[in-house]
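# Kindly generate the corresponding structure for this input.
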Amino acid sequence: MTAQWHKTNYRVPYKDTDRMGVVHHGNYINWFEIARTEFMRYYGIAYKEIESEGFSLPVANVDCRYKSSATFDDCIVLFTKIADYSPLKLKFVYEARKVSEDIDSDPRDKITSQPSGELIAAGSTEHTWVNENFKPIRLNRSAPNIYEIIRECGKQE
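Okay, the predicted model is just below:
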């Protein structure tokens with residue numbers, strides 16, 4: 001069994017498009033952030049909670065590969081999963097996929113083993129765990145409860 005994908009539904013607002021009528025390339029990075037935030041909230045480790053415990057998870061690296069265009073009012077599903085983790089770092093992978101109009105068919109259906117829809121962008125973000133002074137921490141020592149959730153979400157077999 002591999003790590004499961006978390007699904008976040010998104011309908012492209014007009015503000016995300018450029019003069020050519022397609023989603024501006026920079027917005028995909030914002031979409032990845034939305035998807036990552038919802039992934040973490042779903043698994044009970046909301047950013048707000050992490051920060052209240054004195055930790056942050058800044059982005060150290062981001063990658064995005066564009067495959068196709070999205071336009072205003074397209075229905076998009078953002079698929080997210082943990083690709084790699086350690087006590088110091090965390091890596092997410094993402095796929096943005098265009099789907100039919102029925103994205104809200106069952107809002108409780110948030111987990112899947114396989115992304116579906118037309119792939120429009122794929123990427124990743126790498127993060128480092130830091131304290132309030134932006135000094136790296138070992139999450140397994142500083143917040144073992146959070147580390148255990150990440151370990152379970154990131155299981156690759």
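# now the helices: where do they sit in the protein?
With helices called from DSSP state H, the chain shows them at 27-42, 47-52, 139-142, 144-153.
# Which residues in stretch 52-68 does the neighbour count mark as buried?
55, 57, 64 (16 or more other CB atoms under 10 Å). (Each C-beta comes from the backbone N, C-alpha and C, glycine too.)
# Residues in contact with that stretch: which ones?
Residues outside stretch 52-68 that contact it (CB atoms under 8 Å, 6 or more residues apart in numbering) are 25, 28-29, 32, 47, 50, 89-90, 98, 118-132, 134, 137, 139, 142-143, 146.
# Compute the first-to-last residue distance for that stretch.
Between the opening and closing residues of stretch 52-68 there is a gap of 39 Å (CA to CA, to the nearest Å).
# Residue ranges in the protein under the pLDDT threshold?
Within the chain, the segments meeting pLDDT under 70 span 1-2, 102-108, 156-157.
# redo that, cut-off 80
Applying pLDDT under 80 to the chain picks out residues 1-2, 101-108, 155-157.
# all strands of it, in order?
5-11, 55-56, 59-66, 75-85, 89-99, 111-112, 118-128, 130-131 (DSSP state E).
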